[in-house]
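Novice: give me coordinates for this.
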Amino acid sequence: MLDETYYRNLLRGRIRLAYLSFTMVSFLSSIGYLIWSIDWIKHTTNCGRSGIFISYFAIVATVFYAGLATIGLFLFRRPTRILSRILIGFATSSSIFVIGMILIMIISMIASFEPYCLRDKNTFDAIYIIILTGITCTIHVSLLVFAIMVRYPASSHLPTYREAISATGANRMTERKPIVLKATGTAAWKLRIYSILRYPMTRTGPAVTAAVAIYLIAFNVGMRLWKGDEHPLNRFVWRIREQEGSLNPELLYKKKIVQDYHYSRIFDAKDDPPHLGY
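Specialist: Just a heads-up that it's a prediction; the model follows:
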């Protein structure tokens, strides 16, 4: 039979383990994004505005996760109840940050990403981005769910077996089935889900994420209507229509050579366009 001391020690151990795991994951994420930012700088000259934007975003992610790891280490000796709330706040902010980063990166790459910028065996950079962001998103969202599930109770007193018996008005002689408080079980699982649904962050987190997504969509739609043909999304759609739905990197690269030639030079009848092989 489990008593109050066992439950309290179990919660303390789980919360501190999750907090330490979050700190270590944040530290490793900062190192991963630092490597990414250093490696992506070489693409700032051949990936258009997306290359510069992604480099800046990688630097911001490096500073963000390094800050979380540093603050987490300084706050590790706090009481367990405070650590539980800090863990939920940190996990929520990091989850929203990495999800927003993925959405903004996708929009940026669709808007002004040059397909030929990952040529010459640079496909590893794209694979590294996908793996790093995917693992970071999965781990931080999982830690957020775990932090909510095992959060420290608001009350400083956990019910004992005798108190549970007296609260239900039953006793050992009349009840059909003895009441046993377990760490897991159908009743505990239902109560935990119910408490999660009543938790304010459960409603605030999805609401903030949805609001940011709606704002980004509305902003890009408005800018597209306002800028017209000069907007990156309109240029991207125009490139697709020009190639009849194809985004052949080699063909687009040759077309860009021609455009750069005409835009960057003042030529006369003696000038010849660059040789493209077709």
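Novice: C-alpha only now, for contacts and for neighbours.
Specialist: Will do.
Novice: what residues sit buried inside the host helix or strand of Arg16?
Specialist: Assigned by DSSP states H and E, Arg16 belongs to helix 4-40. For helix 4-40, a neighbour-count test (16 or more other CA atoms under 10 Å) marks 7-8, 11-12, 14-16, 18-20, 22-34, 36-37, 40 as buried.
Novice: output the contacting helices and strands for the following helix or strand past it.
Specialist: The helix or strand immediately downstream of helix 4-40 is helix 48-74, counting by DSSP H and E. Applying 3 or more CA pairs under 8 Å, 6 or more residues apart in numbering; DSSP states H and E, one finds that helix 48-74 makes contact with helix 4-40, helix 80-112.
Novice: in a markdown table: those helices, plus distance to Val60.
Specialist: As requested, these are arranged in a markdown table below (distance: least, CA to CA, whole Å):
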| stretch | distance to Val60 |
| --- | --- |
| helix 4-40 | 9 |
| helix 80-112 | 10 |
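Novice: could those go into a markdown table alongside mean pLDDT and distance to Ser55?
Specialist: Below are these laid out as a markdown table (pLDDT from 0 to 100; distance: least, CA to CA, whole Å):
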| stretch | mean pLDDT | distance to Ser55 |
| --- | --- | --- |
| helix 4-40 | 77 | 5 |
| helix 80-112 | 76 | 11 |
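Novice: ok, Ser95 touching Ile135?
Specialist: No: Ser95 is beyond contact range of Ile135, at 11.7 Å (criterion: CA atoms under 8 Å).
Novice: more neighbours, the two?
Specialist: Looking at Ser95 and Ile135 with other CA atoms under 10 Å, you find the greater number of neighbours at Ser95, namely 23 against 11.
Novice: show me what contacts that one?
Specialist: By CA atoms under 8 Å, 6 or more residues apart in numbering, the contact set of Ser95 is 137, 140-141, 144.
Novice: in helices only, show me these.
Specialist: 137, 140-141, 144 (DSSP state H).
Novice: with that, I have no additional questions.
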